[in-house]
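Undergrad: Predicted model and sequence follow; I will ask about them next.
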Amino acid sequence: MGLNFVPVFEHFDQLIWGALNTVWLGFAGMLAAVLMGVLGAAGSTLGPHWIRRAVASYVYFFRGTPLLTQIIAAFYLPSLFGYNMGAVPVGIICLGLYFGAYITEIVRAAVEAIPSGQIDVARAFGMPTPLLFRRIILPQVVATVIPPLAGQFTSLVKATSLLSVITVQELTLEGRIIIIRTVAPLETYILIAAIYFVINSFIAVASVRLETHFRRYM
Amino acid sequence: MQWSRVAEHLPALVQGGLTTLALSAVAITLALTLGIAIGLMRRASAAIVRLPARAFIDVVRGTPLLIQLYLLYFGLPSLGIRFEPFAAAVIALGVNTAAYIAEIVRAAIQSVPKQHIESGLALGLSRFRILWRVIAPQALLVALPAVTNELVDIVKWSSVAAMVVVSEMTQVFYTIVGRTFYLVELFIVVAVFYLAVTASLSALLRWLESRLARYRLGWS
């Protein structure tokens, strides 16, 4: 009994590699999710009725079903149509769609929170729409959205662990491989948990910095 | 669409659905109990009570549920602690959500105006009575919408139990899909199940919220 981390540390390079993969999957997934979120929010605030309905169903469906189930379904779906798709793109698309549904609601709420008086005043001064968007709407939306978005980013980084199920080579899968070699599951998972914790701490710190930076526009 | 082929798997799917419900129900109970206890600890004046609660919340929220589950199920046997898959999944889910609920509880308690507590003390109410009669009703109302989200999330994240081979809905889906070709039909069944459960749970909790809204007046 007692913990012995030495055998796991012999595979330290693998852990670092897995961690780097987790980080880039996190960034790629977040990029896709923010893209979906902005599109969804734009659709549901500016779009015609049928687009609003479509966005609402998208949000309802992806938030109401488990991410893991979506990932498994998405992994087998392309082959059903005789199409081959790597696990990594499938994983990034899944993360983007799932977290995009949450971000849609976050961005939509931020846009709707802007007092309509501000927009009326800008229009009364003859401000063109692109400038109105860039100077009035965007700075406030960005400032409001950062804290909840950072929360989503943290959830997303943690959720990348689910991609190990469809053989994406990230930290969790790397851990499974190390365990086969070292037969030290407890030590390996403690170290892996610590790595995720460090990554998420970075996100938390960066989020506070960014928020104070953008708050000056409020 | 080959719905008749899906019907062959109906018994397994029903069994999986029931397991998901049982798993979620037990995990929700655990998460609420533990979450409220840790949320209260977080408000304690003694650092020896407050700081472990804070560490627990930070560590649990900073690490993935899947890793927590693996730690419990694959890691702890090294220390001679063994769990059944179902028990490991319930503990991981309950503990994970408890950390989120604890933060919500802490914030909700903080939102109760200090004067209410001071008035209670001035009136000679015991600390427990103040907690039960003054803080709890108001904090509950503040916390409920956020807690609702967490509890609904438990249903969805119970799918992770599939990774330690608890035969709940997603695990059943995973095994059938791996060896058949009617993925779409199966996924529709599974998705409708989860949507129905999450929608009814949040409707139930929102109804509860509306029932509790009478406390908002501050007198009743």
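TA: That came in fine, so what should we check first?

Undergrad: Please count neighbours and contacts with C-alpha atoms only from this point.
TA: Noted.

Undergrad: Just the element for the residue nearest the centre of chain A, please.
TA: Taking C-alpha atoms, centre = their mean, the centroid of chain A lies closest to residue A:30, which sits 3.6 Å from it. Here residue A:30, judged by DSSP states H and E, is contained in helix A:12-46.

Undergrad: who does that helix touch, helix- and strand-wise?
TA: Under the contact criterion of 3 or more C-alpha pairs under 8 Å, 6 or more residues apart in numbering or on different chains; DSSP states H and E, the helices and strands touching helix A:12-46 comprise helix A:49-64, helix A:87-112, helix A:138-159, helix A:171-182, helix A:185-215.

Undergrad: Quick one, which of those gets closest to chain B.
TA: Of all those, helix A:185-215 sits nearest to chain B, with 3.7 Å by C-alpha to the nearest C-alpha.

Undergrad: quick one: residue A:137 from residue A:113, how far?
TA: Residue A:137 is 10 Å from residue A:113, where distance means C-alpha to C-alpha, to the nearest Å.

Undergrad: Please identify which of those two sits among more neighbours.
TA: Higher neighbour count among residue A:137 and residue A:113: residue A:137, with 19 against 12, using other C-alpha atoms under 10 Å in any protein chain shown.

Undergrad: The more buried one contacts residue A:116, doesn't it?
TA: No - using C-alpha atoms under 8 Å as the test, residue A:137 is too far from residue A:116 to be in contact (10.4 Å).

Undergrad: got the contact list for residue 150?
TA: No chain specified, so I'll use chain A. Under the criterion of C-alpha atoms under 8 Å, 6 or more residues apart in numbering or on different chains, the neighbours of residue A:150 are A:203, A:204, A:207.

Undergrad: not what I meant, chain B
TA: Neighbour list for residue B:150: B:97, B:100, B:101 [criterion: C-alpha under 8 Å, 6+ apart].

Undergrad: And the last one, what's its pLDDT?
TA: In this prediction, residue B:101 carries a pLDDT score of 97.

Undergrad: What is the neighbour count of it?
TA: Using other C-alpha under 10 Å, residue B:101 has 30 neighbouring residues.

Undergrad: Would you mind listing what in chain B touches chain A?
TA: Proximity of chain B to chain A, by C-alpha under 8 Å from any C-alpha of the partner chain, involves residues B:59, B:62-68, B:70-71, B:74-76, B:78-79, B:156-157, B:159-160, B:170, B:173-174, B:177, B:181, B:183-184, B:187, B:191, B:194-195, B:198-199.

Undergrad: now residue A:126: how far from residue A:132?
TA: Residue A:126 sits 10 Å away from residue A:132, going by C-alpha to C-alpha.

Undergrad: which of these two has more neighbours?
TA: A direct count of neighbours by other C-alpha under 10 Å for residue A:126 and residue A:132 places residue A:132 higher, at 16 against 10.

Undergrad: tell me which element the more buried one is part of?
TA: Counting by DSSP H and E, residue A:132 is found in helix A:129-132.

Undergrad: buried set for that helix?
TA: Judged by neighbour count using 16 or more other C-alpha atoms under 10 Å in any protein chain shown, the buried positions of helix A:129-132 are residue A:132.

Undergrad: again, but for stretch A:87-106
TA: Under the neighbour-count criterion of 16+ other C-alpha under 10 Å, stretch A:87-106 has A:87-88, A:90-106 buried.

Undergrad: and that stretch, C-alpha only, in CSV?
TA: The C-alpha coordinates for stretch A:87-106 follow below in CSV (Å, rounded to 0.1, in the frame of the first residue of the first chain):
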residue,chain,number,x,y,z
ALA,A,87,-12.5,10.7,-34.5
VAL,A,88,-10.9,14.1,-34.0
PRO,A,89,-13.1,16.1,-36.3
VAL,A,90,-16.2,14.2,-35.0
GLY,A,91,-15.1,15.1,-31.5
ILE,A,92,-14.6,18.8,-32.3
ILE,A,93,-18.0,19.0,-34.1
CYS,A,94,-19.7,17.3,-31.1
LEU,A,95,-18.2,19.7,-28.6
GLY,A,96,-19.0,22.7,-30.8
LEU,A,97,-22.7,21.6,-31.2
TYR,A,98,-23.2,20.8,-27.6
PHE,A,99,-21.6,23.8,-26.0
GLY,A,100,-22.8,26.0,-28.9
ALA,A,101,-26.3,25.4,-27.6
TYR,A,102,-25.4,26.8,-24.2
ILE,A,103,-23.4,29.7,-25.7
THR,A,104,-26.4,30.6,-27.9
GLU,A,105,-28.4,31.2,-24.8
ILE,A,106,-25.6,33.1,-23.1
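
Undergrad: got a list of contacts for that stretch?
TA: Identification of contacts with stretch A:87-106 by C-alpha under 8 Å, 6+ apart yields A:25, A:28-41, A:58-60, A:62-63, A:67, A:70-71, A:74-75, A:145, A:148-149, A:152, A:156, A:159-160, A:163, A:166-168.

Undergrad: Return the helix or strand in chain B with minimum mean pLDDT.
TA: Least confident helix or strand of chain B, by mean pLDDT, DSSP states H and E, is helix B:3-8 with a mean of 84.

Undergrad: Can you give me the buried ones in the helix holding residue A:30?
TA: Neighbour counts over helix A:12-46 (16+ other C-alpha under 10 Å) mark A:14-16, A:18-19, A:21-23, A:25-45 as buried.

Undergrad: The residue in chain B that chain A sits nearest to and residue A:2, how far apart?
TA: Nearest residue of chain B to chain A: residue B:75, at 3.7 Å (C-alpha to the nearest C-alpha). Separation of residue B:75 from residue A:2 (C-alpha to C-alpha): 12 Å.
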